[in-house]
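Colleague: Model the following, please.
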Amino acid sequence: MMKPTVIMAVLASSGFLHTALADDSLGTQSMVPPTTTGESAIMANTLQKRDAYTCYGSTNTSVTDCQKIIDTILADKQKDFTLWPNICAVWNQGTCKVRFCAQPYVTRPVNRSGTWLATYITSPILDGCIGKGNMGVYGDNENLNGHAGTYRVWVS
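Modeller: Below you'll find the model as predicted:
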């Protein structure tokens, strides 16, 4: 018997914001591919006390396209994003895709502001990863491949 897949979508007036339910069968769980050198572990860099990020793989993502997503998020910077376990907010613009996801096992919703999200997309991900031809991910736990912590943000 096939496992049913549920996908929720919320479209913002700008057309950039989509909310989707991550599903095991679609391979959208919180996993980061190994680096291009074949390493199985990704080394995280510390942002704040608990936050970490890393760059991985290679991409042709345009910094300009990602900046348009950041501008869209900042247009309503007082908006809070509330995500329940396994729920993602997804923005697409040209070659850039941003996914902000709650980890599968969180026991309460993840709440973050648009300002917070745009700040961390800009630095370190846009400046340190996308601008150098790599994809990037950040979260509130150094084990970016695992389910620890409460959220992950991918930019590719």
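
Colleague: which one's the longest helix in the protein?
Modeller: helix 63-75 (DSSP state H).

Colleague: what about the helices in the chain?
Modeller: Using DSSP H, helices in the chain cover 63-75, 114-120.

Colleague: Compare those and say which comes out lowest on pLDDT.
Modeller: Note on those: helix 114-120 shows the lowest mean pLDDT, a mean of 91.

Colleague: neighbouring contacts of the longest helix of the chain?
Modeller: Outside helix 63-75, the residues that touch it by CB atoms under 8 Å, 6 or more residues apart in numbering are 12, 14, 16-17, 91-96, 98, 114-115, 117-118, 121-122, 126, 130-131, 155. To be clear about C-beta, it is placed using only N, CA and C from the backbone, and glycine gets the same treatment.

Colleague: 6 Å - rerun?
Modeller: Here helix 63-75 makes contact (CB atoms under 6 Å, 6 or more residues apart in numbering) with 14, 16, 91, 93-96, 98, 114, 117-118, 121-122, 126, 130-131.

Colleague: Narrow those to just the buried residues.
Modeller: F16, W91, Q93, C96, V98, G114, L117, A118, I121, T122, L126, I130 (16 or more other CB atoms under 10 Å).

Colleague: pretty sure the last one is in contact with S62, am I right?
Modeller: Put plainly, it is I130. No: assessed by CB atoms under 6 Å, I130 is found out of contact with S62, at 8.3 Å.

Colleague: List the contacts of the closest residue to K132 other than its chain neighbours.
Modeller: Among residues not flanking K132 along the chain, C55 sits closest, at 7.0 Å (CB to CB, 6 or more residues apart in numbering). Counting by CB under 6 Å, 6+ apart, C55 touches C129, N134, G136.

Colleague: rerun that using 7 Å as the cut-off
Modeller: Contacts for C55 were tallied using CB atoms under 7 Å, 6 or more residues apart in numbering; they are G128, C129, K132, N134, M135, G136.

Colleague: now for the residues you listed, which pair is the farthest apart?
Modeller: Using CB to CB, the contacts of C55 span at most 11.4 Å, a distance reached by G128 and M135.
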